[in-house]
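Q: have a look at this fold, sequence not included:
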């Protein structure tokens, strides 16, 4: 069965209240085609796991402005004033996680770990409500895995089996998120046949990818 699906078929899988991972780093590597669809459908009460909330007019920030996110788990929100406003007003819950910790919590879910131990955040507000362990005389926080119902990713190239290649910085969180969701949906800028990608250039294996949507970039390669 082909993994390549039309956008209209994929959007039927989007529901209110889902936990979604969305790839990207300040909009680089963010699957805008899915952001557009979520806005058009007005999907609400989402929990979104991502590096950041983009900008008010770009990327995940558009979901924030449209008040479609109930809870945001991210490393920083400083580029989007609306995120800060909704956080301070109580309209949206924001869980700020150190960037390395976010990456490792996603990876932990992907490889089946029960959590990770990190010294980051010890002695700060981050440690509140978390288990702290002392190992070799040093304190660590136990950070739990992060998993999602759906991961919405962006790839530069995908073959028809779902093997993925990312382009430079647009790689960011996309490969990790591909391991940590029940359903992995990829917006591919270019789709090629199996065998056209060199084995050494494949970053995410097709076994992790469920659905591919063609999303060519206008004016791009």
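A: Now that the structure is in, tell me what you want to look at. The shown structure was predicted, so the numbers you read here are calculated from the model rather than taken from an experiment.
Q: how many neighbours does the residue lying closest to residue 104 once chain neighbours are set aside have?
A: Leaving aside its sequence neighbours, residue 104 sits nearest to residue 116 (CB to CB, 6 or more residues apart in numbering; 4.7 Å). Backbone N, C-alpha and C define where each C-beta goes, glycine included. Other residues lying near residue 116 total 18 when counted by other CB atoms under 10 Å.
Q: got it, and residue 41?
A: When neighbours are counted by other CB under 10 Å, residue 41 registers 14.
Q: tell me the mean pLDDT for the lengthiest helix in the chain?
A: Of all the elements of type helix in the chain, the one with the most residues (DSSP state H) is helix 99-111. Taken as a whole, helix 99-111 has a mean pLDDT of 97.
Q: in its sheet, what does the helix or strand following that helix sit against?
A: Note on helix 99-111: by DSSP states H and E, the next helix or strand toward the C-terminus is strand 116-118. Strand pairing for strand 116-118, determined by DSSP bridges: strand 138-143 (antiparallel).
Q: check which element follows the partner strand along the chain.
A: According to DSSP H and E, the helix or strand after strand 138-143 is strand 148-159.
Q: where do the helices of this protein begin and end?
A: 7-11, 32-41, 61-65, 81-89, 99-111, 174-177.
Q: just name the most buried of those helices.
A: Each of those was scored by mean neighbour count; the highest is helix 174-177, a mean of 25, by mean count of other CB atoms under 10 Å.
Q: packing partners for that one?
A: helix 99-111, strand 148-159 (3 or more CB pairs under 8 Å, 6 or more residues apart in numbering; DSSP states H and E).
Q: which of the ones you listed sits closest to residue 48?
A: Proximity to residue 48 (CB to CB) singles out strand 148-159 among these, at 8.9 Å.
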